[in-house]
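# Generate a structure from the sequence data that follows.
(4 chains)
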Amino acid sequence: MTRVPGKGRVDLSQPVEFTFDGKTFRGGKGDTVASALLANGVHLMGRSFKYHRPRGPVAAGSEEPNALIGTRRGPGRYEPNTRATVQEIWQGLQTNSQNKYPSLKFDIGAVNDAAYMMFSAGFYYKTFMWPKNFWHKVYEPFIRAAAGLGVSPTEEDPDTYASRNLHCDVLIVGAGPAGIAAAKAAAGQRVVLVDENAEAGGTLLSEPQAVIDGVPAWDWLASELAALKAAGVKVMTRTTAIAYYHQNMVGLCERLTDHLPTLPADTPRERLWRVRAKQVILAQGALEKPLVFNGNDRPGVMLAGSAQTYLNRYGVLVGKMPVVVTSHDSAWYAAFDLQKAGAKVQAIVDLRGTVRDDLLAEAKLLGIPVKLSHTVTATSGRLRIRSVRVNPTSPGKVGARVEIACDALLMSGGWTPSLHLFSHTQGKLTWDAGRTTFLPAATPEDCVIVGASAGAWGIEAALRAGAAAFGGTAPTVEHDRTGSGVSQVELPTDLNAGRAKAFVDYQNDVTAKDLRLAVREGMSSIEHVKRYTTNGMATDQGKLSNINGLNIAADALNRRQPEVGLTTFRPPYTPTSFGAFAGYHRGTHFEVTRKTQIDSWAAENGAVFEPVGQWRRAWYFPKTGETMDAAVLRECRSVRAGVGIFDASTLGKIEVVGPDATEFMNRMYTNPWAGLKPGRCRYGLLLGEDGYIRDDGVIGRMSQDRFHVTTTTGGAARVLNMMEDYLQTEWPDLNVWLTSVTEQWSTIALNGPHAAKLLAPLVEGVDLTDEAFPHMSCVECTVAGMPARLFRVSFTGEIGFEVNVPAPMGRALWEVLWKAGQQYGITAYGTETMHVLRAEKGYIIVGQDTDGTVTPHDAGMSWAIGAKKPDFVGKRGMARPDLVAKGRKQLVGLLTEDRSRLEEGAQIVFDPDQPIPMKMVGHVTSSYLSDAVGQPIALALVEGGHDRMGQTVHIPMPDRTIAAKITGAVFVDPENARLKL
Amino acid sequence: MSRFSALSLLKHSLSGHKNWSKQWPDSQPKAEYDVIIVGAGGHGLGAAYYLSSQHGITNVAVIDKGWLGGGNTGRNTTIIRSNYLYDESARLFDHSVDLWENLSQELNYNVMYSRRGCLMLAHTVHDVQSFKRHIHSNRLNGVDNRWLTTEECKEFVPCLNTSRDARYPVMGGALQERAGTARHDAVAWGYARGAAARGVDIIQNCAVTAIRRNPDGSVAGVETSKGFIKARKVGVSAAGHTSVVMQTAGVNLPLESYPLQALVSEPVKPIFPCVVMSNAVHAYISQSDKGELVIGSGTDQYTSYSQRGGLPLIEHTIAAITEVFPIFNRMRMLRKWGGIVDVTPDRSAIISKTPVGGLYVNCGWGTGGFKATPGAAHTFAWTIAKDEPHPINAPFTMERFRTGRLIDEAAAAAVAH
Amino acid sequence: MLLIHCPYCDETLPEAEFTYAGEAHIVRPLDPSAQTDEQWETFMFIRRNPKGPHYERWRHLHGCARYFNAVRDTVTDKFLTTYKAGEPRPDLESLK
Amino acid sequence: MNKAVSSFVPGVLATSTAATVSLAAPMGRLSLRARGDLSALDAALGMTLPTRIGQRNAGAICLGPDEWMLHADDIVPIVAACAAIYEGHPHSLTDVSGREITLLIEGPRAAELLTLGCARDIDSIPVGEGRRTVCDGATVILWRDAPDRFRMDVWHSFAPHLLHLFETGCRELAAEAA
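Next up, the predicted model:
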C-alpha cells in the first residue's frame, strides 16, 4: 500500500471494495478508481489506441487520456471509456481495462508498437490502395477491427435521465478559489456555482498547506461553502459545464448516481441543465502541460501537479522513489510534498540553468538531489517505469547520460489556462509569448474569465480576481505557491529524433515526430496537423496535447504560434452521455403522440394504428385472424352497402371570422367564395406562391362572417401559420381573425346508404332530406342532445355526414351512433379504408397523389380555380413557363391488364423495351384492391395523361412488366348518383 | 509528386520518414491565371484537379480565406449515396459514386471510400410509399436501392429498435449497398496534391473580397487580401459564403445559409455496420473507421454564419438516435461542431454559368455537398473549361427558379396527412 | 438557443417560443399577375443572405403569436433590434 | 405510458411532497379577438379587458395585441352580449371550451416543476398574471395565481404528454428533497 496516513480527504474508515479486471481492490470513501488503484500500487490501467502501449494515469482529473476503463453496475449499466481519475468508487463497482487481448499485461496488439515506423502519421492515406478490391475485403475490415477503445453497451439502459431550465444572475463555472471568491462577492444575486468534481474547492483540495485569512485552507473552504449555501448560492458539484451557447446559455451535466452504491428511487442518473445567466464567470483553472520526451508515456510517468493531488487530496504516494523532471517551479513543490510524505525523491531534473534560490534551498534542506540544465532522454520498464535516463545539456549539446532508477517520473512543462468554454463563445484569444500560452482577450458574451484560466497563477491571485469580478475584496494567503517556468518543445535529446517515441497525444499515440512529419508534408495549419496526425482528437479533446502540438508544429514551421492557428475547442467540455441529452425524451415520451377522444374506443376494439404526423390514427379494424387486405375490403364493402363510421377528428379546423372573412378566403384559396351562401360548404384548394398544391379541405360557411375551414391532418399547423403570415404581414387591413378549433371538435364521419337513416332520428332542428339539407350543406344543430356542427359532405362517394361535437363529447357521440347503427350493420373503418373509398371516387390525398410539384391543372382540378378572381395565393406562380408547358405529369386512373395490384411508387414508362436508364413518365400515387370496381385500381401521375385516355402504359417491376390502361380518375359513380338520398 | 504505395511507405520508414516531400506547396498568388477557383474545399480543389487533368488547363489558382478543406469538407458526416428520386439528381450523384469508387487510385491517395451501405428507415405509411417510389425510380435509372422488410432491417443492423410499440416503428427501409462513407479530409488533400502536381497554385489564408468585372461586364479577376489577381475565368465554390462572394459581381442568388450541426461519440469497437438515416426522426448515423459514431442532425431554423447552432437541436438529434438505437444511451458525445450550408429553394444545387461572362458558380448543396464532391467538381470543371454545362449538370441552372423547372427532391418527399 | 425580444410582449424570451420566418421587408406585389417571370423569381426566391446585419422576420408563435421584424447579425447571431411588423426598416447606423 | 386525459373527471393526477398536479373542472372558454376601441366590448362583457400582454382581469387574460382568453362558468350570456354588438364592433368570439383542459399545479416546488418543460424564466411571471408559452413542445397558457400555485391550459391531445412529464417530475423533485 502506498497510502500515507494522515494525508488526504479519503475516509479510510469507510472502506470500499471494487473490482478491476476481476480482481478486488479496496479503497476508501472519496477515492476515485485511479486513486484507489494507485494506493494499491497499480499504475497500469490501459493500453493506447494505435500501438497498444501500456499506460497508467498521467493526470488526476477529467483531462486524463490514458486511464480509461469500462464501468459496470449490473445488467444494462455498462459504459466504456470512463476516466478512472473521475469515476468515484462505491461498494460493488466493477471495472475493466480496455483495448487489450488477451490481457492488460500481455496484449498481442502491442506488435503494432514494434512496427511503429510503418504507422507514421497519415500512413493509411498512402497505402491500402492495391489491389483495389482489397480495400473493401481486407484492408478496411482490418482497420475497423482495430478501431475504438472500449466496447459499446449492448443492452438497453435501465436508467432515467432528466433535464431542467434554470435562470440566474450569475453562473460561476469552477468552484476553486476564484469561483468561490466570485460567488461570495456576488452575494445578493441569484448565483449558481458549479464544479465538475465530487467536491468543491479546486486547487485548494491539493494545497492544504495554504492559510487563508489565518485559517488553514480546508477549514476556510468548509466555512466559505457553508456560508455561500446559507446565502442562497446554488452550489452544484459533479456538474460539468459542457458547452457555452448563445446569449449566456450554458449547458450543464449533473451526475447524480454514478458514485452511489445503491440507486435511490425516482432519481435520474444524470440531469442536463440549460442555464441562462445574466453573467457568466469562467473560473476553470489551468491544466498542466506534459513534457515531450522519448518514453514519456510509461506507466508511472505522471504530471507533477497530479502526483501532488494524489498525495494531498487522496493520501496516495504515486511512487516511493520518484524523479521529477520540469521546466517550471511548480513541480518542485510536488517533489517537496512527496519527500515530506515519506518518498525518497531521486532527483529534481530541471531543464533550466537557473532556478529560484528558495527552491534550491528547500531541496537542499530536504536532501533532494538537483540537476539543473539537465534533460530526460529515455525511460525504461515494461509495465511501469524502472529508470530514467538523464543527460546534462548545454546550448546545442546534450551530454553523457546517467541512468537513475525510479518508480515514478513526475513531469511539468508549465500550465495552460483552461479556455474551452471561453472558446465556445467564439471569444478571441491572444498569444502570450512570455508564457507561451493563449490568454483570453475579448468575447461577444457577457462573460468574465478569472483566475488561472485567465493566466493568474496562485491561490491569492485567484481569490483576488474572483472577488474583483463583483467589486469584492479578497482575503490574504500565506504559503501560497506561485512560480514560473520556460516552455519547451521536445526535450533536448542525444537520440536520433526520428526514432524517438515522444508522445504528445497519449491516447492517439501521436508523437512529436508525427507532428513534424505532417509539417514536412505540407500541413501548414494547426487544423491540418491535427487532422493529419489525429493530435488532440482523443477523448480528452486535446486538453493535454493541443498546446504541445501547437508549439511543436510552430517550431517545425519556424513560425509564431498564432500564425499557425488557434485550435478550436469544441463542445462538450468532457464527453457527455447521450442519455443526458435525450433526457425525458425516450420511449413513449420521445415525442408527443396525439390521440383523439375516440382513440380509446378504437384501441378497445382492436384497431391497428398508424402514425400520421403527431397523431396516431386507427388504420384498420381487423377481426380475429383477418389480414389487413381482408379487413379493408370488408370495411369498404360495409360502407358502400350499409354504413361506416370513421373518426375524422384529426382534420385541422380553423375558424375564420370577421367582416372581411370572404375577401380573405378569396385571396387564400383558389376557389371563389363570394357566392357561397351561409349553410353551404365548398371544397377548397390551397396553393403556395409557387402555384403548387399545398392543402385542401371542405369549408363551411356557418354564417355571413364565419367560415369553418378544414385542413389535412398533417397540414393543420402549417396552414394556420401560412394564413396568419398573410393576414398579419401582407393584409393587415383585413378585419378577420383566425382561431384553431382542431381540438374544439371531435369529428365523426358517417358514410353509406344508411347514413341518413341512422342519423336522422338523432338530429334536432334539421330535416336530413335532399331538399332541406342537400349535399354540401352545413348547420349548427343538436345531435344526440349534444351541440353540433353538422356537415353533409362525402369523401367516399356515398351519402355522408360529418358530425362535429365539442371534443370531450366525441366518444359519447360515437357510442350513441355505434349503438344506433347496429340495426344497419354499422362498421368502424380506419384510414386505409378511407383512402380506398376516396380513390375509387378519384378524390386526391394531398401529399400522396400530389407532392410539392403538382398544380391544380395537373391534378385535374381546374374546376376549383376561380378564374375570374384577380389574384389568389399561387395564381402568379402557376403561370410560370414550366407550369404551363406541355407534357406535364397529370393525374389519371390506371387499370392493369392482368388485374394485378400495382405497387404505390412504381414508375411508369411508355416503352417497356428500352434499356436502363429508362425514360420514366410518371408514377403510381395510390393503389388499392377495390371491391366496388371488381379489380385493383390505381391513381397515377403520367406525362400528358389527360390526353392519353385509353392508352396503355407499362410498369416495369423487378420480375416482370405490368401493362395498364389509362382511365379517368373516377372509378365509381362518376355521375354522383349515390350522393342523393 | 512521388507516388504513394506500401513500398514507398516502407522505404521512407527506414529513413525515419525524413524524406517525404510536401503534398502541395503553399503558393503565393501570381499576377494572372486562366482560371481562379474561389474556395479550397473538396469541390473547388476537385474542379482544379479536373481542369488540370482532363482539360489541360493548368494555369489555375484555388484561393481560400482559410486553410484548405476547412469548410464543409472538414465538417460533414461523410455520407455518400445516390438514391435520389429525380433523373437529374440520380444521374449527378451516381456519377459521383462512380468517381468515388476509383478516387483513391485516381488520386494515388487513399480517401477510404467505404462501401458499407446506407439504410433509410421508413417509419410511416407515407415513408413506405415515398421510399418505394425512390426504389423503383432508382432501379429504372440503374441506381442500386432495394426494399428491406422490418426483419431484414434488423438483420442488417442488429442494434436497431424494431419494436412495434416504438413512437416511430420501423416499417421497413431502403438500402443502397453502394452507398457509404469516405475520409473527408483526405478528399481535399488528395485533390490538392493531385492538382498541385499538375501545376495548380493553392493559395490559403487569402480572402477574396470582391470579383472585379471588365467594362464589357465580363469577369476581370478577383480582389483579395493579397491584392488583385487577374483571371480569364472565375469559378466560385465557396459553400455557405457563395452568395456573399457572388454579390460582389452583381449576381444575386436564391441562396440562404444555415447552421448545420454534427457530432461524434467516443470511439468504440465496431458495432455499427452501415449508414442509417431516419428522416422521420431527423437523424443519421454511421461509425467511423476510428470507432466514433458519427451523427448528423438538421439545420437550425435561422440563417447564420456563426458555425454555432443551438443545444435543443442536439438534444433532439440524440433523442432520435437513442430512440432508434437504444443501446447507445450510455455512449458519450465526444465533440460536436457546426458548418454553414447554403440552401436553394428546391434544395438542389446550382452548377452553372452566370449572367457574367467568365463567371461560374457551384453552390446550393445544402446538407448534401460532400457526397457530390467528385461529380460536382468534375462537371463544374467541364462547365468552366468549355463554357457550357456537361449534360449531367445541364439541368442544375440558375434559370430554373424563373421558369419553375425545379428539381425538388424535398417536395417529392412531401409530408402526407 | 437565442434570446429574442418580442416587441409586442416587451419581454426577452428564449428562442423556443419563436419561429423564424425568413428575410423581412419583401413585399408581396399588389398585382402579381403584372409581374414578369424575373420579378416573380426575385420576389419568391432571391434573398440577400448577408454576412452581418440581416433584416428578418420572426413569429412569437408560442406567445403573442405576432410576426415581427428583427435585425440580427448573422456572424454573431446577436439581435441588434426587433420591431413591430409594419414599422419602417431601422437605419443600421442607428443600431451601432 | 401516457394515459388519456380525455375524461371530464377532475381530480388529482400526480402528487408528491414537492407538487401536486390536478385536473380542473370543465369550464367555459372563449377566444376573443378584436382591435381598435374596445369600450363596446368592455361594456358587453361588463369588465375592462386588460390591454398589456400577460395582464389579467377577472377571467380574462390578454394573450396578444388583439387576443384574449376568457374563462367563465357560463359562456352563453357572454356570447349573446358580444353578438349584440358585432355589427357595430366586429370581432371574433370563438368557443374553445372543448379544445383544452386546465391543469392545476401547486405545491412548494410547483415553480421548479414547470422548469422541466418551460424554457422561459418562471420567476418573471408575476403573481396575478399569466403568459402563453411553450412547455415540452406544447403551447400552453400559464396562469400564476400565487408564488407556488399555477394553472396551465393545454390542448387535449398534448395533455397526456405533459402529464407524463409532470408525474415524473413530481417524483423526481420529491426524491431530490428527501
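# Residue B:112 and residue B:390, how far apart?
In this view, residue B:112 and residue B:390 are 27 Å apart by CB to CB, to the nearest Å. Backbone N, C-alpha and C define where each C-beta goes, glycine included.
# Of these two, give the one with the bigger neighbour count.
For residue B:112 versus residue B:390, neighbours defined as other CB atoms under 10 Å in any protein chain shown are more numerous around residue B:112 (24 against 19).
# Without its sequence neighbours, what residue ends up closest to the more buried one?
residue B:183 (3.9 Å; CB to CB, 6 or more residues apart in numbering or on different chains).
# how close does the one you found get to residue A:861?
From residue B:183 to residue A:861 the distance is 51 Å (CB to CB).
# Next: residue A:691.
Residue A:691 is 13 Å from residue A:861, by CB to CB.
# more neighbours, the two?
The neighbour comparison of residue A:691 against residue A:861 (other CB under 10 Å) goes to residue A:691, with 23 against 20.
# what kind of secondary structure is that one in?
Recorded secondary structure, residue A:691: coil (DSSP: H, G, I helix; E, B strand; the rest coil).
# tell me the contacts of it?
Residues counted as contacts of residue A:691 (CB atoms under 8 Å, 6 or more residues apart in numbering or on different chains) are A:855, A:874-880, A:883, B:404.
# With residue A:251 instead?
A:241-245, A:272-275, A:571-572, B:311.
# which among those gets closest to chain D?
Ranked by distance to chain D (CB to the nearest CB), the contacts of residue A:251 are led by residue A:274 at 7.0 Å.
# Quick check, the residue nearest to residue B:112 in contact with residue B:111.
Yes: contact criterion CB atoms under 8 Å: residue B:183 and residue B:111 qualify, at 5.6 Å.
# OK, now which residue of chain B is nearest to chain C?
For chain B, CB to the nearest CB, closest residue to chain C: residue B:254, 3.8 Å.
# again, but for chain A
Closest point on chain A to chain C, by CB to the nearest CB, is residue A:876, at 3.6 Å.
# excluding its backbone neighbours, what's nearest that residue?
Closest to residue A:876 by CB to CB, 6+ apart is residue C:32, at 3.6 Å.
# same question, residue A:860
residue A:891 (5.2 Å).
# One more: residue A:185?
Counting by CB to CB, 6+ apart, the residue nearest residue A:185 is residue A:472, at 2.8 Å.
# what residues are up against that neighbour?
A:181-182, A:184-185, A:466.
# Nearest to residue A:818 among those?
Minimum distance to residue A:818 across these is 67.8 Å, recorded for residue A:182 (CB to CB).
# For chain C, which residues are neighbours of chain D?
C:1, C:8-11, C:13-14, C:16-17, C:61-66 (CB under 8 Å from any CB of the partner chain).
# can you pull the contacts of residue 61?
Defaulting to chain A. Here residue A:61 is in contact with A:85-86, A:197, A:306, A:309 (CB under 8 Å, 6+ apart).
# hmm, I had chain D in mind actually
With CB under 8 Å, 6+ apart, residue D:61 has these contacts: D:50, D:54-55, D:68-69, D:129-130, D:141, D:143.
# Then residue B:183?
A:125, B:78, B:110-112, B:289.
# Can you pull out the low-pLDDT segments for the chain?
Went with chain A since none was named. A:1 (pLDDT under 70).
# try chain D instead
Ranges of chain D meeting pLDDT under 70: D:1-8.
# where exactly do the strands run in it?
D:11-15, D:20-23, D:28-33, D:56-57, D:60-64, D:67-72, D:92-95, D:100-106, D:130-135, D:138-146, D:149-155 (DSSP state E).
# Tally up the residues packed near the residue of chain B closest to chain C, please.
Residues near residue B:254, counting by other CB under 10 Å: 24.
# Now it: closest residue in space, sequence neighbours ignored.
residue C:45 (3.8 Å).
# I'd like to know which of the contacts of residue B:183 are buried.
A:125, B:78, B:110-112, B:289 (16 or more other CB atoms under 10 Å in any protein chain shown).
# which parts of chain D sit against chain C?
Going by CB under 8 Å from any CB, the residues of chain D near chain C are D:53-54, D:63-65, D:67, D:119-120, D:124, D:131-134, D:139.
# hmm, try it at 6 Å
Residues of chain D lying near chain C by CB under 6 Å from any CB of the partner chain: D:53, D:64-65, D:119-120, D:132-134, D:139.
# Out of those, the closest to chain A would be?
Once CB to the nearest CB is applied, the member of the residues of chain D next to chain C that ends up nearest chain A is residue D:119, at 5.2 Å.
# Show me the residue at the heart of the chain, geometrically.
Assuming you mean chain A. Nearest to the mean C-alpha position of chain A, counting by CA atoms, centre = their mean, stands residue A:581 at 6.0 Å.
# wait, chain D
So for chain D, CA atoms, centre = their mean, it's residue D:153, sitting 3.4 Å from the centre.
# who does that residue bridge with?
Here residue D:153 sits in beta bridges with residue D:102, residue D:141, going by DSSP bridges.
# Domain map for the chain?
You didn't pick a chain, so chain A it is. A:1-155, A:159-287+A:414-483+A:569-591, A:290-413, A:488-559, A:646-837, A:884-978 (automatic domain parsing).
# Let me rephrase: I mean chain D.
D:5-26+D:98-177, D:28-95.
# just those: most buried one?
domain D:5-26+D:98-177 (a mean of 20; mean count of other CB atoms under 10 Å in any protein chain shown).
# which stretches of chain C form strands?
Under DSSP E, chain C gives strands at C:3-6, C:11-14, C:19-23, C:53-59, C:67-73, C:79-84.
# angle of the third one against strand C:67-73?
Which is strand C:19-23. If you take axes from the mean of the first three to the mean of the last three CA atoms, to 10 degrees, strand C:19-23 sits at 70 degrees to strand C:67-73.
# Am I right that residue A:699 is in a strand?
Yes: counting by three-state DSSP, residue A:699 is located in a strand.
# Now do it against chain B, distance only.
Here residue A:699 is placed at a distance of 16 Å from chain B (CB to the nearest CB, to the nearest Å).
# And for that residue, the neighbour number?
23.
# So the closest residue to chain D within the stretch 151-300 of chain B, which state does it fall into?
Closest residue of the stretch 151-300 of chain B to chain D, CB to the nearest CB: residue B:165 (9.6 Å). With three-state DSSP as the basis, residue B:165 sits in coil.
# Likewise for residue A:138?
Per three-state DSSP, residue A:138 ends up helix.
# Give the burial count for it, as a bare number.
12.
# Please enumerate the strands of the stretch 401-550 of chain A.
A:402-405, A:408-412, A:415-417, A:428-432, A:437-442, A:447-449, A:477-478, A:503-505, A:510-511 (DSSP state E, counting those that start in this stretch).
# ignore the last one, the stretch 201-350 of chain B
Going by DSSP E, counting those that start in this stretch, the stretch 201-350 of chain B shows strands at B:201-203, B:208-213, B:219-224, B:227-236, B:256-265, B:275-278, B:283-287, B:293-299, B:332-343, B:350-353.
# what does the stretch 701-850 of chain A put close to chain C?
Residues of the stretch 701-850 of chain A lying near chain C (CB under 6 Å from any CB): A:728-730.
# which one among those gets closest to residue B:195?
residue A:729 (48.6 Å).
# doesn't that closest one fall inside a strand?
No: assessed with three-state DSSP, residue A:729 is helix; it does not lie in a strand.
# and the biggest helix by length in chain B, which residues are buried?
The residue-count maximum for a helix in chain B (DSSP state H) belongs to helix B:87-107. The neighbour-count check on helix B:87-107 (16+ other CB under 10 Å) flags B:87-97, B:99-101, B:103-104, B:106-107 as buried.
# how about the residue nearest to residue A:470 when sequence neighbours are not counted, what does it touch?
Once flanking residues are discounted, residue A:470 sits nearest to residue A:185: 3.7 Å by CB to CB, 6+ apart. The contact partners of residue A:185, taken as CB atoms under 6 Å, 6 or more residues apart in numbering or on different chains, are A:467, A:470, A:472.
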